[in-house]
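Undergrad: Here is my input; please provide its structure:
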Amino acid sequence: MPHTVADPAAMLTAIANVPTLSGDDTIHSALEFVRSHLGMEVAYLSEFIGDDLVFRAVSAPGFEDTAYVGATMPLDDVYCRHILAGRLPELIPDTANEPLCRDIPLTSAIPIKSHVSVPIRRRDGSAYGMFCCLSRTAKPDLTQRDLAVMRAFAGLSAEQVNGRIAERVTYDTTATAIKAILQSRDFDVVYQPIMDAAARRPKGFEALCRFRAQPYRPPNLWFDDAATVGLQADLEICVIEQALIALNQLPPSIYVSVNASPATVASGRLGDVFKHWPAERIVLEVTEHSMVDCYDSLLSELDTLRFRGVRLAIDDAGAGYSGLQHIVRLHPDIIKLDISLTNRIDEDIVRRSLGAALVRFAVEINAAIVAEGIETEGELTTLHDLGVPLAQGYFLGKPADLATAKAWFDDTAATEGCTG
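TA: Next comes the predicted model:
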């Protein structure tokens, strides 16, 4: 009796559109369906690696010892190359009727009595591998309709395979770019002054990264890329190491603030970086641009660093509930008011009220407060009147190289010499 299926196209669409299926699950469901539909014992999707066939997905109940994910076979021992070259058909109801099959030792070794195999191709047309079913029983009732069903499900699997290939290419390209930056340190560290709001002289500098690669991309995109390929901590630490060199050239009273994600802090690697520098001159600014996976490990590492003298700063205060929750959990030494709060604060009673509340909150928990994003005299004056002692922004000083940071103090020395 010929194999039949009520509506193979509908089944294909149903499997493809089930939202809970991952790419691997989709392929496995396709293999299960065609194996059952054709009445065969083994179905698999393979990849060609050099001169070998590698099983990437398998449906072979009862034959797990011989057909399993990761198993390999020499391409010279299987049908694949012959099918690709047209020497064997994709649909073989009975291998006894194909002289070439009889000449391949695997046919009698398994034995293979019937075989259906469809190429899986990459988007450039090259062969990735095969979508295959085989049986130890001849299937003379196999028809072109069965081959059409096989091709339909092979096409669905090819979409999943090509999606994974594209992801892998993107991953490898990104990883290569980040590793090249780590190797060559192809970035510059710039320093933005954190000013005494009254005296308008630097109390410290925030170290920021500028990547040299063209076309220019904002630093956050590079750090996001590093996170996707597991190199976030490596890149952040590389930048921090470069940034802290400024401590050798800035006055002993000046601190340097460096940025690190919660994941990098929780990794425990910063202790080895900071131990070479005076801890009291380091401010660790924990960025909160991603979810904190485990506050316990983060707090444990922060306790160790702060015990040594490193101060903790939290930015984005006033930007939303999550930022405030971050402050409550970490109890920082320095709170940085977000630009969304400080922008036009001199013109907005709501911003001023929130700013005043955060100043009082900082006093209550014995934290210093820094206003970020200052761009006008009015903003600076208003914040100073609210009791904000430290400020940062383009109005006071743009991020610049270390020589420019040092010049603040050269100018001071020259001024004091003239007036003394």
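
Undergrad: only C-alpha atoms for contact and neighbour calcs from this point on.
TA: Noted.

Undergrad: and the closest residue to residue 42 other than its chain neighbours, how far is that from residue 90?
TA: Residue nearest to residue 42 in three dimensions, not counting chain neighbours: residue 60, with 4.5 Å by CA to CA, 6 or more residues apart in numbering. Applying CA to CA, to the nearest Å, the value for residue 60 to residue 90 is 20 Å.

Undergrad: next one: stretch 345-361 to chain centre, how far?
TA: Relative to its parent chain, stretch 345-361 has a centroid offset of 36 Å by CA atoms, centre = their mean, to the nearest Å.

Undergrad: what about the stretch 201-350 of the chain, any weak spots by pLDDT?
TA: Scanning the stretch 201-350 of the chain with the threshold set as pLDDT under 70 gives 288-291, 316-323.

Undergrad: Helices of that one, residue ranges please.
TA: 219-228, 232-244, 262-266, 270-274, 295-307, 321-330, 339-342, 349-364 (DSSP state H, counting those that start in this stretch).

Undergrad: okay, these, which one's buried deepest?
TA: helix 262-266 (a mean of 22; mean count of other CA atoms under 10 Å).

Undergrad: Please list the residues outside stretch 247-257 that contact it.
TA: 202-207, 244, 246, 277, 280-285, 405-406, 409 (CA atoms under 8 Å, 6 or more residues apart in numbering).

Undergrad: from these, which ones fall inside strands?
TA: Mapping those onto strands (DSSP state E) picks out 202-207, 282-285.

Undergrad: Neighbour-wise, which one of these leads?
TA: Each of these was scored for neighbours by other CA atoms under 10 Å, and residue 284 scores highest at 27 neighbours.

Undergrad: ok, what's across the strand from that one?
TA: Using DSSP bridges, the bridge partners assigned to residue 284 are residue 258, residue 312.

Undergrad: Use 157 as the first number from now on
TA: OK, 157 is where the count begins now, so the last one is residue 440.

Undergrad: ok, it - contacts?
TA: Contacts of residue 440 (CA under 8 Å, 6+ apart): 413-416, 466-469.

Undergrad: Nearest to residue 271 among these?
TA: Nearest to residue 271 among the contacts of residue 440, counting by CA to CA, is residue 416 at 56.8 Å.

Undergrad: check contacts around the closest residue to the closest one other than its chain neighbours.
TA: For residue 416, ignoring the flanking residues on the chain, the nearest one in space by CA to CA, 6+ apart is residue 442 at 5.2 Å. Contact partners of residue 442, counting by CA under 8 Å, 6+ apart, are 415-418, 421, 468-471.

Undergrad: Just flag the most distant two among those.
TA: Among those, 421 and 471 lie farthest apart (CA to CA), at 15.3 Å.
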